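Novice: below are the sequence and a predicted model; questions follow.
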Amino acid sequence: MGLPRRYPFLGDDFPAEHPYAERVYAVPGPAQDRLNGVTPPTGRLPLWLLGSSGYSAQLAARLGLPFAFAAHFNPHDDVTALRLYRERFTPSETLAEPYALVSFTVAASDDAREARRQAGTLAHAMLRMFQRKTCLLPSPEEVDAYPYDAQERQTVDN
């Protein structure tokens, strides 16, 4: 079952000649799954609005969608955003009442240095995304060998 046409970017089904084919895609999504060798899910997945601000919380509320607050992008405004989402929620075909989660980036290992090294792969993948480059998750060895400039280093460390 495909996604409704009102969400064309999520289906990864643009015709080959379409100007967005292979250039614009949802992350995470089918294109990222292919690049990382992940078997895509079957059936229709629930649509959530991922945001990191009060604006995105209000948009999810107005559309009646589940809301995921991206604390991995903005760890400071979660309480405000979730309050706005709950206060302004409008029931929809998708959802009768507010439903939310907060996402965090977590790396764990028995060794703190190894946990930080592993976390560096995700930080580097985010840097690539900000630079509009591949969303392929690099290995820790690739990250260790990458020649960061000062701005890239600051982005990754943040």
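Specialist: Cool, got the structure.
Novice: need the helices for this protein, in chain order.
Specialist: For the chain, helices defined by DSSP state H occupy the ranges 30-35, 54-63, 78-88, 112-130, 140-145, 150-157.
Novice: list the contacts of the fifth one.
Specialist: To tie it back to what came earlier, the one meant is helix 140-145. Helix 140-145 is touched from outside by Arg117, Gln118, Gly120, Thr121, Ala123, His124, with contacts defined as C-beta atoms under 8 Å, 6 or more residues apart in numbering. C-beta: built from backbone N, CA, C; applies to glycine.
Novice: could I get the residues you listed as TSV with pLDDT, neighbour count and distance to Arg34?
Specialist: Compiled in TSV, the contacts of helix 140-145 are given as follows (pLDDT from 0 to 100; neighbours: other C-beta atoms under 10 Å; distance: C-beta to C-beta, whole Å):
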residue	pLDDT	neighbour count	distance to Arg34
Arg117	89	16	26
Gln118	88	15	23
Gly120	90	19	24
Thr121	90	17	19
Ala123	88	16	23
His124	92	22	20
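Novice: and which of those residues is nearest Pro91?
Specialist: Using C-beta to C-beta, Ala123 comes nearest to Pro91 of the contacts of helix 140-145, at 38.2 Å.
Novice: wait, isn't Ala100 in contact with Leu65?
Specialist: No. Assessed by C-beta atoms under 8 Å, Ala100 is found out of contact with Leu65, at 10.1 Å.
Novice: report the buried residues of stretch 13-23.
Specialist: Neighbour-count burial for stretch 13-23 flags Phe14 (criterion: 16 or more other C-beta atoms under 10 Å).
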